[in-house]
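>>> dropping a prediction and its sequence here:
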Amino acid sequence: MIAKTTKIGGVDNLLSKRPALPAPIPDYVYIAVENGRCAKADIYVKEGDHVNLCQLIGMRHGPFFDQPIHSTVSGTMVKIEKHYHRCGKLVNFMKIENDRLDTLDPSVKDRTPEEVAALTKEEMIKIIENCACVGLGGSGFPTHVKLQTKEKINHILINGIECEPYLDTDQRFMLDKTKEIFGGTALLMQMFDCHDARICVKETHPEIIAHLNEMIDKYYPNQGITVSPMKNFYPQGWEVAMVKTALGIKMAPGKIPPAYGIMNVNVTTAATIYEAIWHNKPIYERYMSVNGDGINAPSNFIVRVGTPVINLIHMAGGYKGDENKVLIFGGPMMGAAIPNEDCIATKTVTSLIVMNESTKPEAACIRCGSCVLSCPQGLQPVLIMEAVKSTNREMIKMLNPLNCMECGLCTYSCTSGIRVTDFVRRAKLLAKL
Amino acid sequence: MQFVKETAPHIKRKDNLMWMLLNVIIGLAPVCIWAWVAYPLSALRIFPLALATCVLCEFLFILIVKKSVKEFKIENILSSIITGMIYSLCLPTELGFASGTGYFVVVAGAAIGIVLGKLVFGGLGNNIFNPAALGMIVVRLFWGGISGNAAGTAGIIDSTITSGATALGVLDITTVPLFDLLLGRIPGSLGETFHLAILVGLVYLLVTKTIDWKVLVSYLGTFCVLVLTAGVVLQIKGGAFFGQYALYQLLSGGVLFGAVYMITDPVTGPVGDPARVLFGAFAGVVTVAIRLLAGTEGVGFSILFANMIAPVLNYPQWSSSRWKKWHFITAGVLAGVALLIVIVPLAMK
């Protein structure tokens, strides 16, 4: 079939219509010592120490920032174990036994409205840094680094789009935690002295748009917060596509939104900013979709950070069918497949998708051009693949593979079932040489 | 049950190559059925021979190059069947079967077409030339004389009307029965003349998105614009009504068949919308140029010429899916060249 793919079909997603289930808190939670961005870390607690909920128990050291580690239960530090992290590496995890008391750490204390109103931008960024806010849409990029931009911000976009199939976390989150999202948005507006904030929601969710509008009229009237309906295509949640639909600004490849006076954050990140500044509370639980065609009872869960994957699978009713399974953190288009069940859900994991292995066979490329038609960046994946096969480095450079943001549409739309995206990834490496 | 470690993305579109090739065969079916009904004897002689030759050549190629029978997959069978079908439908109904040379011609054309047009380049997905078009051209160049009514495929219209001569200026086209041309009642090739059946196949191919409409539209559009212009020039010089002339050009020969089934072959064309439009326009210009200047059928040749420039159009600057300045400049140059080499000589005659 020679056709442009804009929608990932065959997935009817109704999770956000049902309430998110509070997942049982496991007996042991696992907190990552290192992660994909930070290779080194200090640990502040010893084996056998008592820890409180939200207590600072370590510090990761990244290339240009430090990231505090907080406990997500109260209980006893047991030991350090190796488990798989979402980045695919085997890393150290702190195993903490849950005493089921959830004793809050004394560092978690509320700020009065006067105190919050008096905070400067630098002070807010410091609080956000101490509460270890990161991009919770899946990127994991430290929020305080993102907020330190020197550019004048004129628009704030709150990303609640979730264009990937099977993902419905943010949709439910927007219905449940509207107050926190608006609170975080108002704080961002205060921080940048900006009077235009838009919450971007897909137009296929009229119930969410109606709910958000109602809440704006009730609590934040005339403050510049509006709801922007977004189109229903993939990849609408990509920042370039979102900025184009919401504001009509076309971003050049390689530019980031602050260069155009735009700050974009995920809805969950906005809510954590609210929690951090009003309550000095780091994130210890989050919404997570457990979904896919290989799981019995898909649902949204409110999960304690540090829950092992095997618990999530049991909560969702176990595997469906005997086919080989692919376990994915993130969406099925861009998410990373994890090696096995011995993996821990960290705070940047938006979802666990269990897919049956694709049975589509790989055949010869007939240059139907579906990948070229579908590529949102206007690249030519099929020619990149041919150039990679013949290691023609000049040709690879001319095809600009570095503009690719790995949305996966070329592989998805390939008539012959070829993993074109893998070739483009290789081209990106070759182009950098 | 095992856990699979694979790279993103983890889902794929539901269609596959086998279905795409099957759709082409289904799209060819109306023409084939009509051919079997209209010329059962010729069809019985041509189809089995051509199909068997194509499949056998493909099988031998796989056996020799890949050294494994397992590599001979269903896609290979289907694609060689498509080649054989298109090739058969392009052949004249009369190929000297009485003397026996006709059988040899069918086999030789099919074998040369699929081997030189496709297999020497590496088989399915790697070919530069449309194998069916190459086979048809080979038959026409080498054995054009033996056909009783080769003009039906090689020339523009049945020999009884035009005597194989060029239509332009020579033929009084008011005598051409356009309605019979539309219905395919004028004998000629096995399948090219059944325009209604071709249109049915076209609808199926477009609905299932098996072919890219941009190539088709730009090819037929360029062709129509040029023959309409030529018709106007001829009418000014005292010829028949230009609309009738254009319809006659469109309905005679293999324009529609080539446009629907041959020029749209994705393997031998470029990728990206602008490149595909330029590709179709180029083929259209060549078709009209050959028809008007050489006075003979130009569809097969134009497809092979266009196949040759497809790798150029696949160069990074050309194959982008967004329209750039260069595409417009090329389109302008192409239009100028078309006017210069097609219309100006006609007006000067």
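The structure has been received and is ready for your questions. Numbering: from 1, shown residues only, chains lettered A, B, ... in the order given.

>>> quick one: the residue in the stretch 151-300 of chain A that chain B sits nearest to from A:Ser370, how far?
Closest to chain B within the stretch 151-300 of chain A is A:Pro165: 7.1 Å, counting by C-beta to the nearest C-beta. For every residue, glycine as well, the C-beta is placed using N, CA and C. Note on A:Pro165: its distance to A:Ser370, by C-beta to C-beta, to the nearest Å, is 18 Å.

>>> what's the closest non-adjacent residue to residue 191?
Assuming you mean chain A. A:Lys121 (5.0 Å; C-beta to C-beta, 6 or more residues apart in numbering or on different chains).

>>> sorry, should have said chain B
B:Leu89 (2.9 Å).

>>> what's the answer for A:Cys343, then?
The spatially closest residue to A:Cys343, leaving aside those adjacent along the chain, is A:Tyr84, at 4.2 Å (C-beta to C-beta, 6+ apart).

>>> before we move on, what about A:Pro106?
In this structure, A:Pro106 finds its nearest non-sequential neighbour in A:Asn52, 7.7 Å apart by C-beta to C-beta, 6+ apart.

>>> doesn't A:Asp105 make contact with that neighbour?
Yes: A:Asn52 is within contact range of A:Asp105, at 3.9 Å (criterion: C-beta atoms under 8 Å).

>>> shared neighbours of those two, anything?
Shared between the contact lists of A:Asn52 and A:Asp105 (criterion: C-beta atoms under 8 Å, 6 or more residues apart in numbering or on different chains) are residues A:Ser71.

>>> rewinding a little: quick check: the residue nearest to A:Met191 vs A:Asp66, distance?
Counting by C-beta to C-beta, the gap from A:Lys121 to A:Asp66 is 20 Å.

>>> which bits of the stretch 1-150 of chain A sit near chain B?
With C-beta under 8 Å from any C-beta of the partner chain as the criterion, the stretch 1-150 of chain A meets chain B at residues A:Met1, A:Ile2, A:Ala3, A:Thr5, A:Ile8, A:Gly9, A:Gly10.

>>> just curious, which of the residues you listed is nearest to A:Ile161?
Distances from A:Ile161 to those, taken as C-beta to C-beta, are shortest for A:Ile8 (13.5 Å).

>>> count the residues that sit near the closest one.
Counted with other C-beta atoms under 10 Å in any protein chain shown, the neighbours of A:Ile8 add up to 23.

>>> okay, now the unreliable bits of the stretch 51-200 of chain B?
B:144-176 (pLDDT under 70).

>>> so B:Leu196, which state does it fall into?
At B:Leu196 the chain is in helix, as set by DSSP: H, G, I helix; E, B strand; the rest coil.

>>> what's the closest non-adjacent residue to the closest residue to chain B within chain A?
Among all residues of chain A, A:Gly408 sits closest to chain B, at 3.2 Å; criterion: C-beta to the nearest C-beta. Leaving aside its chain neighbours, A:Gly408 sits nearest to B:Pro9 (3.2 Å; criterion: C-beta to C-beta, 6+ apart).

>>> show me what contacts the one you found?
A:Pro332, A:Met333, A:Met334, A:Gly408, A:Leu409, A:Thr411, A:Tyr412, A:Thr421.

>>> so what's the closest residue to B:Leu183 other than its chain neighbours up against?
Nearest residue to B:Leu183, sequence neighbours excluded (C-beta to C-beta, 6+ apart): B:Leu196, at 6.5 Å. The contact partners of B:Leu196, taken as C-beta under 8 Å, 6+ apart, are B:Leu182, B:Leu183, B:Gly184.

>>> export these to CSV and append columns for distance to A:Thr245, secondary structure and neighbour count.
Shown next, in CSV, are those (distance: C-beta to C-beta, whole Å; DSSP: H, G, I helix; E, B strand; the rest coil; neighbours: other C-beta atoms under 10 Å in any protein chain shown):
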residue, distance to A:Thr245, secondary structure, neighbour count
B:Leu182, 47, helix, 18
B:Leu183, 51, helix, 15
B:Gly184, 50, coil, 22
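
>>> show me the domain layout of the chain.
With no chain named, the answer covers chain A. A:15-106+A:283-356, A:113-279, A:370-432 (automatic domain parsing).

>>> oops, chain B please
B:16-153, B:158-187+B:211-349.

>>> smallest gap between chain B and chain A, at which residue?
Here chain B gets closest to chain A at one residue, B:Pro9, 3.2 Å apart by C-beta to the nearest C-beta.

>>> mind listing what's buried along stretch B:95-106?
Using 16 or more other C-beta atoms under 10 Å in any protein chain shown as the test for burial, stretch B:95-106 gives B:Leu95, B:Gly96, B:Phe97, B:Gly102, B:Val105, B:Val106.

>>> next, format those as JSON lines and append secondary structure.
Output for those, formatted as JSON lines (three-state DSSP):
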{"residue": "B:Leu95", "secondary structure": "coil"}
{"residue": "B:Gly96", "secondary structure": "coil"}
{"residue": "B:Phe97", "secondary structure": "coil"}
{"residue": "B:Gly102", "secondary structure": "helix"}
{"residue": "B:Val105", "secondary structure": "helix"}
{"residue": "B:Val106", "secondary structure": "helix"}
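
>>> quick check: the farthest pair among those?
B:Gly96 and B:Val106 (10.5 Å).

>>> give me the three-state assignment for the residue nearest to B:Ile341 when sequence neighbours are not counted.
What sits nearest to B:Ile341 in space, not counting adjacent residues and going by C-beta to C-beta, 6+ apart, is B:Ala289, at 5.6 Å. What three-state DSSP gives for B:Ala289 is helix.

>>> B:Ala289 and B:Val225, how far apart?
For B:Ala289, the distance to B:Val225 equals 13 Å [C-beta to C-beta].

>>> can you check B:Phe301 too?
In terms of C-beta to C-beta, B:Phe301 sits 20 Å off from B:Val225.

>>> neighbour count for those two, which is higher?
The residue with more neighbours, out of B:Phe301 and B:Val225, is B:Phe301; 21 against 17, by other C-beta under 10 Å.

>>> name the element A:Cys200 belongs to?
strand A:197-202 (DSSP states H and E).

>>> in the following helix or strand past that strand, what's buried?
Sequence order places helix A:206-219 as the next helix or strand after strand A:197-202, per DSSP H and E. By 16+ other C-beta under 10 Å, the buried positions in helix A:206-219 come out as A:Ile208, A:Ile209, A:His211, A:Leu212, A:Met215, A:Ile216.

>>> relative orientation of helix A:206-219 and strand A:197-202 in degrees?
160 degrees (axes from the mean of the first three to the mean of the last three C-alpha atoms, to 10 degrees).

>>> just checking, next helix/strand downstream of helix A:206-219?
strand A:225-230.

>>> ok, residues contacting that following strand?
Contacts to strand A:225-230, defined as C-beta under 8 Å, 6+ apart, come from residues A:157, A:161, A:182, A:185-186, A:189, A:196-203, A:209, A:212-213, A:216, A:236, A:242, A:245-246.

>>> those, buried ones only, as a PyMOL selection?
What follows is the PyMOL syntax for the buried subset of the contacts of strand A:225-230, where burial is set by 16+ other C-beta under 10 Å:
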select buried, chain A and resi 157+161+182+185+186+189+196+197+198+199+200+201+202+209+212+216+236+242+245+246
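
>>> near chain B, list only the ones from the contacts of strand A:225-230.
Of these, not one also sits near chain B (C-beta under 8 Å from any C-beta).

>>> helices of chain A, residue ranges please.
A:113-118, A:121-130, A:143-147, A:169-176, A:178-192, A:206-219, A:239-247, A:267-279, A:309-315, A:370-374, A:381-389, A:393-398, A:409-413, A:420-432 (DSSP state H).

>>> quick one: average confidence on the fourth one?
If I follow you right, that is helix A:169-176. Across helix A:169-176, the average pLDDT comes to 92.
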